[in-house]
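Enquirer: Below are the sequence and a predicted model for it; my questions follow.
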Amino acid sequence: MKISYDKKADAFSIVLKEGRVSRDEPIGKNSFAGYDREGNLVEIQILEVLPPIRQLAESGCKTSIPLDRARESSLI
């Protein structure tokens, strides 16, 4: 399993197993499941990650993510 965050795309990715994604299926707002040709779940992607986290922080919700540095490093 590999977990990564692409700062430029603002995308969080969880790769569950090696393989090529041949079909993406929406599973929620800005969330997609990627399947290989055999129908096995290969990857989960969440797009536009930072805006909802920023909204939570601005509403007074406590977060352990240092938002001021989130764009500069792979903290998420």
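Expert: Received the coordinates, thanks.
Enquirer: pLDDT weak spots in the chain?
Expert: Residue ranges of the chain with pLDDT under 70: 57, 61-76.
Enquirer: Let me see the ranges of the strands in it.
Expert: 2-6, 11-15, 23-28, 31-35, 41-47 (DSSP state E).
Enquirer: would you list those in CSV and tack on distance to Glu58 and mean neighbour count?
Expert: To be clear about C-beta, it is placed using only N, CA and C from the backbone, and glycine gets the same treatment. Shown next, in CSV, are the strands of the chain (distance: least, CB to CB, whole Å; neighbours: other CB atoms under 10 Å):
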stretch, distance to Glu58, mean neighbour count
strand 2-6, 21, 12
strand 11-15, 20, 17
strand 23-28, 22, 10
strand 31-35, 22, 17
strand 41-47, 20, 17
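Enquirer: I'd like the ones you listed as TSV, with distance to Ile53 appended.
Expert: Shown next, in TSV, are the strands of the chain (distance: least, CB to CB, whole Å):
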stretch	distance to Ile53
strand 2-6	11
strand 11-15	10
strand 23-28	16
strand 31-35	14
strand 41-47	11
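Enquirer: Please name the bridge partners of the residue nearest the centre of the chain.
Expert: The centroid of the chain falls nearest to Phe12 when counting by CA atoms, centre = their mean (2.0 Å). Here Phe12 sits in beta bridges with Tyr5, Ile46, going by DSSP bridges.
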